[in-house]
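# need a structure here:
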Amino acid sequence: MTPNARIAVAEALDAAGWTGDPLDPHGLLTHPDSKAVWAVVNKSGGCALDLPNVGATVPFAGAIPDTVVIAACLAASGQLDPSQDRVELEEENAWLDDLRAAGLDNWQGVDVARDIRNRRQATR
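Numbering: from 1, shown residues only. Modelled structure (predicted):
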């Protein structure tokens, strides 16, 4: 791990409204509503999510991908709503279907866009 272990997690949580100590804004982040707290606990990228409302702490080893840690933190704070993602995907698919029906799928890069879409659907 780098000296900035878990910086991607800190940045994602910061963008989601989690706040930190002004002297060390990415050292310990707290969600203002749920009071969930996330922090890096060692130099190898190990981190933990403290859930005071349920009396639990969830440790994450340094090998756990940042995306998993981010999803866990957002889910614990009530900021990750899988049903909303599904609604957005359904709306996006409907919009893409309309574009295809109008013949607008003949632009440069459409194959790349289709590959990206297929990969996203395969991971859901």
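# Break down this structure into its helices, ranges please.
Counting by DSSP state H, the chain has helices at residues 7-15, 66-76, 82-101, 110-122.
# same question for stretch 58-69, mean pLDDT?
Across stretch 58-69, the average pLDDT comes to 92.
# one step back: using TSV, please lay out the helices of the chain together with distance to A56.
C-betas here are computed from N, CA, C, even on glycine. Shown next, in TSV, are the helices of the chain (distance: least, C-beta to C-beta, whole Å):
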stretch	distance to A56
helix 7-15	18
helix 66-76	9
helix 82-101	21
helix 110-122	31
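# Of all the ones you listed, which one comes closest to K43?
Smallest distance to K43 across the helices of the chain (C-beta to C-beta): 13.2 Å, for helix 7-15.
# and that closest one, how far out from the chain's middle?
Centroid displacement of helix 7-15 relative to its chain, using C-alpha atoms, centre = their mean, to the nearest Å, is 9 Å.
# Also stretch 44-63?
Counting by C-alpha atoms, centre = their mean, stretch 44-63 comes out at 16 Å from the chain centroid.
# Export the helices of the chain to JSON lines and append columns for mean neighbour count and distance to P22.
Shown next, in JSON lines, are the helices of the chain (neighbours: other C-beta atoms under 10 Å; distance: least, C-beta to C-beta, whole Å):
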{"stretch": "helix 7-15", "mean neighbour count": "17", "distance to P22": "13"}
{"stretch": "helix 66-76", "mean neighbour count": "18", "distance to P22": "21"}
{"stretch": "helix 82-101", "mean neighbour count": "11", "distance to P22": "32"}
{"stretch": "helix 110-122", "mean neighbour count": "10", "distance to P22": "37"}
